[in-house]
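here you go, sequence then predicted model.
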Amino acid sequence: MDWIFRAKVNRVIDYRSLDLILDLGFGIKSRQTVFLSGYEVPDKFQSAAKSCLIIAVGGHRVICKSDKDDTPYYNGRIYLYESINMNNVYETVGDRRLPCLNRIMINSAQFNFEPNTFKSNITSQLNELK
């Protein structure tokens, strides 16, 4: 079963996990570690991939779609509120099309997670669409 929550990124733990504060509704919040599903990063690029995650979501509000199973953690997909001008990164969440962080990170692998390239691409796209 999929669970969809509004969330705030508390911190980026590593190249594929985020510490989120989930808004469960009715004023109830839950702090959870969410592992981004769907991509792996070679050891030599993990530090750069973490930097890219910090650039993309550090301190921002996001939407978390997770599949809670019997494990003590969430595997999930993270969606940004901001629109970005990248091909093949949008997914439907409820009745909205939102950019999926998981797909953005997969696309960034083609640049070997080079943080400066990632930052300039993401920053220019966010500024362009404001």
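Looks like it came in fine.

list the contacts of the residue sitting furthest away from the middle of the chain.
Distance from the centre of the chain peaks at Phe26, with 24.4 Å (C-alpha atoms, centre = their mean). By C-beta atoms under 8 Å, 6 or more residues apart in numbering, Phe26 lies in contact with nothing. Where C-beta positions appear, they are placed from N, C-alpha and C, glycine not excepted.

ok, now how distant is it from Trp3?
15 Å (C-beta to C-beta, to the nearest Å).

got it, and Val62?
Distance from Val62 to Trp3, by C-beta to C-beta: 14 Å.

these two: which has the busier surroundings?
Val62 (21 against 13; other C-beta atoms under 10 Å).

looks like that one contacts Gly76 (just checking).
No: counting by C-beta atoms under 8 Å, Val62 sits too far from Gly76 to count as a contact (10.2 Å).

scan this protein for its longest strand.
Counting residues, the longest strand found in the chain (DSSP state E) is strand 2-14.

helix, strand, or coil at the closest residue to Leu101 other than its chain neighbours?
Leaving out its chain neighbours, the residue that sits closest to Leu101 by C-beta to C-beta, 6 or more residues apart in numbering is Ile78, at 4.0 Å. At Ile78 the chain is in strand, as set by DSSP: H, G, I helix; E, B strand; the rest coil.

gap between Ile78 and Asn88?
Relative to Asn88, and taking C-beta to C-beta, Ile78 is found at 16 Å.

more neighbours, those two?
Ile78 (27 against 10).

understood, closing this out.
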